[in-house]
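Chemist: my questions concern the predicted model and sequence given below.
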Number of protein chains: 4
Amino acid sequence: MERIDVALIGAGRMGQIHGPHAAETPGLRLRYVVDARADAADALCRRTGATSATLAQALDDPSIKGVLICSPTDQHLAHALAALDAGKAVFCEKPIDLDLQKVVQARARFDRARFLLGFNRRFDPNFRALRQRLLAGQAGRLETLHLVNHDPAPPPPGFIPSSGGLFKDFTIHDLDLARWLLDEEPVQVYTAASCLVDPEIGRLGDVDTARTVLKTASGRLCVVSNTRRSGYGYDQRIEAFGSTGMIAVGNAQCDTVQTLDEGGVTGAAIQPGFAERYREAYRAQIHHFADVVHGRAEPLVGYADGIAALVLAEACAASARSGTVITL
Amino acid sequence: MERIDVALIGAGRMGQIHGPHAAETPGLRLRYVVDARADAADALCRRTGATSATLAQALDDPSIKGVLICSPTDQHLAHALAALDAGKAVFCEKPIDLDLQKVVQARARFDRARFLLGFNRRFDPNFRALRQRLLAGQAGRLETLHLVNHDPAPPPPGFIPSSGGLFKDFTIHDLDLARWLLDEEPVQVYTAASCLVDPEIGRLGDVDTARTVLKTASGRLCVVSNTRRSGYGYDQRIEAFGSTGMIAVGNAQCDTVQTLDEGGVTGAAIQPGFAERYREAYRAQIHHFADVVHGRAEPLVGYADGIAALVLAEACAASARSGTVITL
Amino acid sequence: MERIDVALIGAGRMGQIHGPHAAETPGLRLRYVVDARADAADALCRRTGATSATLAQALDDPSIKGVLICSPTDQHLAHALAALDAGKAVFCEKPIDLDLQKVVQARARFDRARFLLGFNRRFDPNFRALRQRLLAGQAGRLETLHLVNHDPAPPPPGFIPSSGGLFKDFTIHDLDLARWLLDEEPVQVYTAASCLVDPEIGRLGDVDTARTVLKTASGRLCVVSNTRRSGYGYDQRIEAFGSTGMIAVGNAQCDTVQTLDEGGVTGAAIQPGFAERYREAYRAQIHHFADVVHGRAEPLVGYADGIAALVLAEACAASARSGTVITL
Amino acid sequence: MERIDVALIGAGRMGQIHGPHAAETPGLRLRYVVDARADAADALCRRTGATSATLAQALDDPSIKGVLICSPTDQHLAHALAALDAGKAVFCEKPIDLDLQKVVQARARFDRARFLLGFNRRFDPNFRALRQRLLAGQAGRLETLHLVNHDPAPPPPGFIPSSGGLFKDFTIHDLDLARWLLDEEPVQVYTAASCLVDPEIGRLGDVDTARTVLKTASGRLCVVSNTRRSGYGYDQRIEAFGSTGMIAVGNAQCDTVQTLDEGGVTGAAIQPGFAERYREAYRAQIHHFADVVHGRAEPLVGYADGIAALVLAEACAASARSGTVITL
């Protein structure tokens, strides 16, 4: 297959995940890595065979047909717009921006854009299999959902102020999953939240533990369970309850070894973090981006999904703050 | 061990569960079965070696030290008070009554009573083991709870009007479990509910599907998941999340057979209903009642727990009806 | 259903299991318990409502239609023959006798007898479900079997000399299972055995650890795995491999609680012993005996099966002793 | 880390697995691919960045420090010796040769060789974790082993004549595992074998279904379960039984999705074949080879292990053919 050149903006945590996948994905060649921190850019170039470049170099090069945006959250929107304006297909890490108004105001510039938003869970093979079975009616008519998203350990408090808070930073993944699986928009949101994990998170005005209930117009219910610290690994589960049964995605364990003795049956811990848990999802996401760059597919998740998830995240935050139910 | 005589009031569905257990429990002898329906009473007498009697005969007999009340819900309170006034130890199926005010008004007559309320889940060996581990700190400090209580199939619509509705009839078990495990009273209640299973239930003014979030003063959160029809069996699970890990009770399957072929790995369905799932709990409950009758134990769950669960059930109903958060 | 009177011979370990089941089985009444040890007989009579009697009283009473033989192994044959000669239906604990020749010589007296041999595993609901699926072709054509039978802890050495040795005492259950499931007689037997658990067992001329391979005329293979001490509970498993898949029976755990923390996922130990593991099998066996007593069923396992299993057990012992393959 | 150049001989099935791993392993650079079939060599060069070369070019190039031998089995030995004589470190797919005598005669040329034999299962993270726990005494003293190695589907009959037969081609992996885990050499071998899967395999003089029992001098027992066709995937399990418990490696399923309905609980099939099941083992094996090439490690499995496994495989074949027990 012909390989089309793409550029990566941002050689940090997410760039180090997406860059190598872009380099290995059939149909793509990672040509440039853009990062003001020369060390980070160079290290990633060595791993991927890419060349370090400035943003202008990358966007001005007409051979570059796609751009992957992994810069800090507060630069996502500017980088996305610059790349779209330059005619590139764009893959952008979530969220588009923490400020819903700024995203809404840019609406026109996303029109007809080839813009893929980084809601990675939609590309997880397990979650996709669950959704396919739901669509095939294997649980009858979907009625309720339970989404578990528990981080293994809290971020350093220094991360909190720029994170957008628990709902825009973390719950937003579940809100997107809920929309994707419910196949219907929530019309009521209730969130109960607490600061139970780290009091410093509370002092910074955020929460670390939450339960959210979404209700759709037809009466479907979805619970989202979040904590910043599970103590037992990266707990990522879905239970979808339908009129004739249940379809569930469980956690994978780190190995298949079991020990049986007088004390019981002991197996390995569940996977420790997002890099292991969503490796295949990240890979599949970039494969899909290759299809978008090649013009073989429309982006499966884009600007409108980003807006909708942000609206729900703001409703969660408002509900948690006010102790009331938010009607959308 | 000396056997003390007890009487059973009500030879219906629950009487047919508790009667044989009373007959087999060391330290008890089931002397009388009281039921106006002679056929039902006689059949249960044949199974247990008891004698059919009137209520007055049973309560007037000074050798009867304990009474098990399995009459229809709207007679629980009158039967309980009559038996308590006659100086008997009382085991009473839940709820004490559907009308909270009537129960509250009878408060004085429950003072110093030996009154065991039939919240059977507290006696389930699995749930007890989970609670012991929580109390032993095996998951650190308890933070959140997830309770799943899904019935396999809905009751006939005719049952709904006298049932007290989903929350007093069904969710009430979970509300009691939540109080027992949280070790702290909920101060906020939110319930989202729908009628998704059977429109007839909705026409009768009830709901069949609900998600409830309880919040305690210290910020602990508990989700209760209810449906009248799962389609896959009697789903009864607890997940307790603490500061260092999680303790969970899962469902038991009907057998231990697995088939592996090209299509996957298939095992038996989960247990189909309450009789199988809570057999050991029902048995242990009557063993505990024997201890109460013999004066060896105080009732582990009684009048105050019945009141507290009813208050929460009314809050759930009010929240579901109004779409608002109820503060207690 | 009309209840027919039966008598139990032997109030020891197995009598205490079968006696109460006989007392509770619809269609049976346990009338007599026969045991020279008055204490043991009386205790069992109190549990079951039976009366203590001598062997002659029990066999001479024409109302007694069935006899359950739970006496010491070396009396099984004599008691069985006496009861058969008295015209009773007989349930007899395995083995009929440790001496194959004595059993063979009595062949004529078992002709047309209603004789049910206590190979309890054939009545286990899990094993029965596995067999039904095999017969229904759910794994295609059966090719190989793997039977695991590991005791939790070794018997006291004093039990060994009268036990018949590992193969007649313990492996015999698996040999019967193998015949029942293979639906074809083994024609070759190889057993490798060691004394690894307790050297005292070796000094008494027995082994405590063995692996046996059976081969049938059509080439089906069956492995039997035995040890006198697992260290982790009573390991009782079957794997049946067919031309299109596998059907397996696994172990049940003692409860459904799981703990997840940094160290992994820990569940309860498997069931500790035969009383828990085969409770339903023992119950079903006596239900089947009731059908035999009532003339509603022919015994599902009888004299010929006892002979065949003994022949195989002797072949295992001969193979283990000689280090050669035994052809039958 | 400095990258050292290596060459790959053979661009067939195994070369296509090992070549890319060599190209991606830190510390290695895959410089040459040697295969007379130019198409196969070129395709692999494109995937790995290597250059097509002749055997002489690869062995004469002094910058090449290591050679991976993935040629047809009947060329393994010649290629291995040529590479060793040229002073290279050698990784060689198993078996060294099907003819034990030829391998034995070459013994002197393997002296002091840096020769890593491709018994991939020793590098599986699950099996390694099991072995570490055994060595750490987590199951007490090891007594017995059960190894399951069932292929999903039989090879085409055309493969059989050059395969060496079931025992040298397939069982040999288990024989090596047995030696590695038992930590003691088997002294007795018994194999029962049949042709149940494909009569054509039987016509070609081979078997497709076997059970082998190994016994060591100290009395440890090991069962090996083999079939050429499971019908349900690639069944690869170990159970290690010790004096205080059991350590087991189970199969991984293809995904973590489960469906619950009236019919039961259904999950994904187990992994379908060796490429998925042993991906991490293959990768780790080449990482270890990098350590050998760099002089940081001695080969963990080499010539002597290859001989020992071949001797056992021949004993299995002899036992199956003769129906007798083979003493080594």
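Modeler: Right, received. Where do you want to start? Residues are numbered from 1 along each chain as shown, chains lettered A, B, ... in the order given.
Chemist: remind me, longest helix of chain A?
Modeler: Looking across chain A with DSSP state H, the single longest helix is helix A:303-322.
Chemist: following element in sequence after that helix, please.
Modeler: strand A:326-327 (DSSP states H and E).
Chemist: what does that following strand contact?
Modeler: A:187-190, A:315, A:318-319, B:323 (C-beta atoms under 8 Å, 6 or more residues apart in numbering or on different chains). Backbone N, C-alpha and C define where each C-beta goes, glycine included.
Chemist: and the average pLDDT for it is what?
Modeler: Averaging pLDDT along strand A:326-327 gives 98.
Chemist: same check, this time on stretch A:125-138
Modeler: Computed over stretch A:125-138, the mean pLDDT rounds to 98.
Chemist: distance check, A:Ser79 against chain D.
Modeler: Just so we're on the same page, residue A:79 is His rather than Ser. Distance of A:His79 to chain D, computed by C-beta to the nearest C-beta, to the nearest Å: 30 Å.
Chemist: same thing with A:Asp74?
Modeler: 35 Å.
Chemist: so what's that residue up against?
Modeler: A:97-98, A:162.
Chemist: give me the low-pLDDT residue ranges for chain A?
Modeler: Chain A contains residues with pLDDT under 70 at A:1.
Chemist: up against chain B, what does it have?
Modeler: Contacts of chain A with chain B, taken as C-beta under 8 Å from any C-beta of the partner chain, map to A:139-140, A:143-144, A:146, A:150, A:188, A:190, A:192, A:194-197, A:209-211, A:213, A:215, A:219-221, A:223, A:225, A:227, A:229-232, A:235, A:241-246, A:323-325, A:327.
Chemist: out of those residues, which are inside strands?
Modeler: When the residues of chain A next to chain B are checked against strands (DSSP state E), the matches are A:143-144, A:146, A:150, A:188, A:190, A:192, A:194, A:209-211, A:213, A:215, A:221, A:223, A:225, A:227, A:235, A:241-242, A:245-246, A:327.
Chemist: chain neighbours aside, what residue packs nearest to the residue of the stretch 1-150 of chain A found nearest chain B?
Modeler: The stretch 1-150 of chain A approaches chain B most closely through A:Glu143 (4.7 Å), counting by C-beta to the nearest C-beta. In space, and not counting its chain neighbours, A:Glu143 is closest to B:Leu196: 4.7 Å by C-beta to C-beta, 6 or more residues apart in numbering or on different chains.
Chemist: I'd guessed that neighbour sits against B:Thr209; true?
Modeler: Yes. Between B:Leu196 and B:Thr209 there is a contact at 4.7 Å, judged by C-beta atoms under 8 Å.
Chemist: and for those two, which residues touch both?
Modeler: Counting by C-beta under 8 Å, 6+ apart, the residues touching both B:Leu196 and B:Thr209 are A:143-144, A:219, B:227.
Chemist: show me the contacts for the residue in the stretch 201-328 of chain A that chain B sits nearest to.
Modeler: The minimum distance from the stretch 201-328 of chain A to chain B, using C-beta to the nearest C-beta, falls at A:Gly219 (3.3 Å). Applying C-beta under 8 Å, 6+ apart to A:Gly219 gives the contacts B:194-196, B:209.
Chemist: save these as a markdown table, and put in distance to C:Val34 and neighbour count too.
Modeler: Listed next are the contacts of A:Gly219 as a markdown table, based on distance: C-beta to C-beta, whole Å; neighbours: other C-beta atoms under 10 Å in any protein chain shown:
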| residue | distance to C:Val34 | neighbour count |
| --- | --- | --- |
| B:Ser194 | 64 | 21 |
| B:Cys195 | 63 | 19 |
| B:Leu196 | 62 | 25 |
| B:Thr209 | 60 | 24 |
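Chemist: if we look at the sheet, which residues does A:Thr227 bridge to?
Modeler: Applying DSSP bridges to A:Thr227 gives these bridge partners: A:His150, A:Thr209.
Chemist: pretty sure it sits against B:Gly242.
Modeler: No. The criterion here is C-beta under 8 Å, and A:Thr227 misses it with B:Gly242 at 10.5 Å.
Chemist: now do the shared contacts for the two.
Modeler: B:Glu143.
Chemist: distance-wise, check A:Ile270 relative to chain D.
Modeler: 10 Å.
Chemist: who's that residue bridged to?
Modeler: A:Ile270 has these beta-bridge partners by DSSP bridges: A:Gln253.
Chemist: show me the contacts for the residue of chain A most remote from its centre.
Modeler: Distance from the centre of chain A peaks at A:Glu262, with 42.6 Å (C-alpha atoms, centre = their mean). Neighbouring residues of A:Glu262 by C-beta under 8 Å, 6+ apart: C:231-233, C:269, D:244-245.
Chemist: that older thread, which among the residues of chain A next to chain B count as buried?
Modeler: The neighbour-count test (16 or more other C-beta atoms under 10 Å in any protein chain shown) marks A:139, A:143-144, A:146, A:150, A:188, A:190, A:192, A:194-197, A:209-211, A:213, A:215, A:219-221, A:223, A:225, A:227, A:229-232, A:235, A:241-246, A:323, A:325 as buried among these.
Chemist: and A:Ala193, what are its bridge partners?
Modeler: The partner residues for A:Ala193, given DSSP bridges, come to A:Ala210.
Chemist: so it sits against A:Thr171, correct?
Modeler: No. The pair A:Ala193 / A:Thr171 is not scored as a contact, 9.6 Å apart, by C-beta under 8 Å.
Chemist: okay, and the common contacts of the two?
Modeler: A:Ala210.
Chemist: domain parsing of chain A, as residue ranges.
Modeler: Domain ranges of chain A: A:4-118+A:281-300, A:123-278+A:309-327, per automatic domain parsing.
Chemist: between the two ends of the shortest one, how far is it?
Modeler: Terminal residues of domain A:4-118+A:281-300 lie 20 Å apart, using C-alpha to C-alpha, to the nearest Å.
Chemist: what's the answer for the longest one, then?
Modeler: Counting by C-alpha to C-alpha, the length from the leading to the trailing residue of domain A:123-278+A:309-327 is 30 Å.
Chemist: please name the bridge partners of the closest residue to A:Leu145 other than its chain neighbours.
Modeler: For A:Leu145, ignoring the flanking residues on the chain, the nearest one in space by C-beta to C-beta, 6+ apart is A:Cys222 at 4.1 Å. For A:Cys222, the beta-bridge partners are A:Leu145, A:Leu214 (DSSP bridges).
Chemist: tell me which residue is most central in chain A.
Modeler: For chain A, A:Phe119 is the residue whose C-alpha lies nearest the centre (C-alpha atoms, centre = their mean; 3.3 Å).
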